[in-house]
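> how would this look folded up:
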Amino acid sequence: MADADDVRHLALVLPHVTEIDSDGFDFRVADKGFVWSYPERRTGKPRLIRTDIAVLFVGDEAEKQALLLGEPEVFFTTPGYDGLPLVLLRLTEVDVERLEELVTDAWRMRAPSALLSELDGVCDLSNADLG
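As a prediction, the model looks like this:
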């Protein structure tokens, strides 16, 4: 089971990530958001920042629908996100390894191509036998 601290840790180890000051978490690369806390809208009440739910950039509608249909217990959406390449992720329904994959993929889709090679170099180095 993952939580907001796991999101923060995983996002901040990626190259050139900035965290925007918020009541929850909000991470960007090149001024583009890739994962943030869900600002739940409640009729007649102020927004509630949900740190148990992450808004995750997924790239396109096809990927969004695949996630929503394939794992409805993990991913969902609301009318406010219709037409946007974003899904809502129940953090309690994923482990940290899966969360790392999702956050890294979201980062890759938002990062400029020059940064992608930087991440690949870090990944290649971490998998290399340095001994």
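> longest strand in this protein, by number of residues?
What stands out as the longest strand in the chain, according to DSSP state E, is strand 45-57.
> mean confidence for that one?
Predicted confidence along strand 45-57 averages 97 (mean pLDDT).
> likewise for stretch 98-118?
pLDDT averaged over stretch 98-118 gives 90.
> buried residues in that stretch, which are they?
Under the neighbour-count criterion of 16 or more other CB atoms under 10 Å, stretch 98-118 has 99-100, 102-111, 115 buried. All C-beta atoms are positioned from the backbone trio N, CA, C, and that covers glycine.
> so which of the residues you listed sit within helices?
Per DSSP state H, helices hold the following members of the buried residues of stretch 98-118: 99-100, 102-110, 115.
> which one of the residues you listed is nearest D31?
Using CB to CB, R110 is the member of these that sits closest to D31, with 9.4 Å.
> so E93 makes contact with L67?
No. When contacts are counted by CB atoms under 8 Å, E93 is not listed as touching L67 (12.0 Å).
> for the longest strand of the chain, packing partners?
Of the remaining helices and strands, those touching strand 45-57 by 3 or more CB pairs under 8 Å, 6 or more residues apart in numbering; DSSP states H and E are helix 4-12, strand 32-42, strand 86-90, helix 96-110.
> other SSEs contacting the last one?
The elements that helix 96-110 packs onto, with contact taken as 3+ CB pairs under 8 Å, 6+ apart, are helix 4-12, strand 26-29, strand 32-42, strand 45-57, helix 113-127.
> so what are the sheet partners of the second one and their directions?
When you say that, I think you mean strand 26-29. According to DSSP bridges, the neighbouring strands of strand 26-29, each with its direction, are strand 17-19 (antiparallel), strand 32-42 (antiparallel).
> rounded mean pLDDT for the shortest one, please.
Throughout strand 17-19, pLDDT has a mean value of 97.
> and it, how far from the chain's centre?
Between the centre of strand 17-19 and the centre of its host chain there is 12 Å, according to CA atoms, centre = their mean, to the nearest Å.
> over to the last one?
Averaging C-alpha coordinates over strand 32-42 and over its chain gives two centres that are 10 Å apart (CA atoms, centre = their mean).
> tell me which residues in it are buried?
33-39.
> nothing else from me, thank you.
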